[in-house]
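**Student:** Based on what follows, work out the 3D shape:
(one chain, ligands or ions: 1)
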Amino acid sequence: MECNKALSMIPQYIDQSLSDYELQKFLEHIDHCPECYDELEIAYMMTVAMNRLDHEDNASYDLSAAMKNSLKQAHEYSGRLTMLKIIRYSVCTLAFYGVLVTLFLQVRMWFGL
Ligand SMILES: [Zn+2]
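**Tutor:** As a prediction, this is how the structure comes out:
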């Protein structure tokens with residue numbers, strides 16, 4: 001992913017309106033691009049700071065930690081998606097072999113082998 005694309009996705013990341021696929025691509029880029037990470041940190045802090053000023057008294061809130069936590073959660077979410085894909089793949093593979101074995105046994109019965 002290009003930096004421009006990643007930067008354009010920052011507001012959606014903060015709004016949590018990225019699709020699962022976009023989120024994974026975005027996280028991959030942010031992990032390896034310090035410039036975009038910095039941009040994300042600034043944008044995140046601005047947004048969260050604004051929201052917190054509106055809703056909470058706790059001004060000494062650690063925004064950097066909050067952002068890292070948000071990224072960690074996004075990674076965990078992304079990791080769960082990958083895990084789901086693996087599980088889905090395994091189930092499909094098992095189902096395929098299940099059908100194959102059933103077919104094999106059926107054929108054996110038909111031909112009396
Ligand atoms: Zn970048």
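
**Student:** Give me the buried positions along stretch 3-11.
**Tutor:** Neighbour-count burial for stretch 3-11 flags A6, L7, M9, I10 (criterion: 16 or more other CB atoms under 10 Å). Yep, even glycine has a C-beta here, placed from its N, CA and C like the rest.

**Student:** same check, this time on stretch 71-81
**Tutor:** Taking 16+ other CB under 10 Å as the neighbour-count basis, stretch 71-81 is seen to contain the buried residues L71, A74, S78.

**Student:** Kindly provide the whole-number mean pLDDT of the host helix or strand of L84.
**Tutor:** Secondary structure here is read from DSSP states H and E; on that basis L84 sits in helix 63-111. Computed over helix 63-111, the mean pLDDT rounds to 88.

**Student:** circling back: can you add secondary structure and give the buried residues of stretch 3-11 back as CSV?
**Tutor:** Formatted as CSV, the entries for the buried residues of stretch 3-11 read as follows, by DSSP: H, G, I helix; E, B strand; the rest coil:
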residue, secondary structure
A6, helix
L7, helix
M9, helix
I10, helix
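
**Student:** out of those, who's nearest M109?
**Tutor:** Comparing the buried residues of stretch 3-11 against M109 with CB to CB places M9 closest, at 56.9 Å.

**Student:** sorry, back to before: from the buried residues of stretch 71-81, which is closest to the ion?
**Tutor:** Using CB to the ion, the shortest approach to the ion within these belongs to L71, at 14.6 Å.

**Student:** quick one: contacts for the closest one?
**Tutor:** Residues in contact with L71 (CB atoms under 8 Å, 6 or more residues apart in numbering) are L27, I30.

**Student:** one more time with 6 Å
**Tutor:** Listed by CB atoms under 6 Å, 6 or more residues apart in numbering, the contact set of L71 is empty.

**Student:** The ion contacts on this structure?
**Tutor:** By CB under 5 Å from the ion, the part of the chain that sits against the ion consists of C3, A6, C33, C36.

**Student:** gap between the nearest residue to the third one once chain neighbours are set aside and L71?
**Tutor:** Read that as C33. Spatially, and ignoring its direct neighbours in sequence, C33 is nearest to C3 (6.4 Å; CB to CB, 6 or more residues apart in numbering). Here C3 is placed at a distance of 17 Å from L71 (CB to CB, to the nearest Å).
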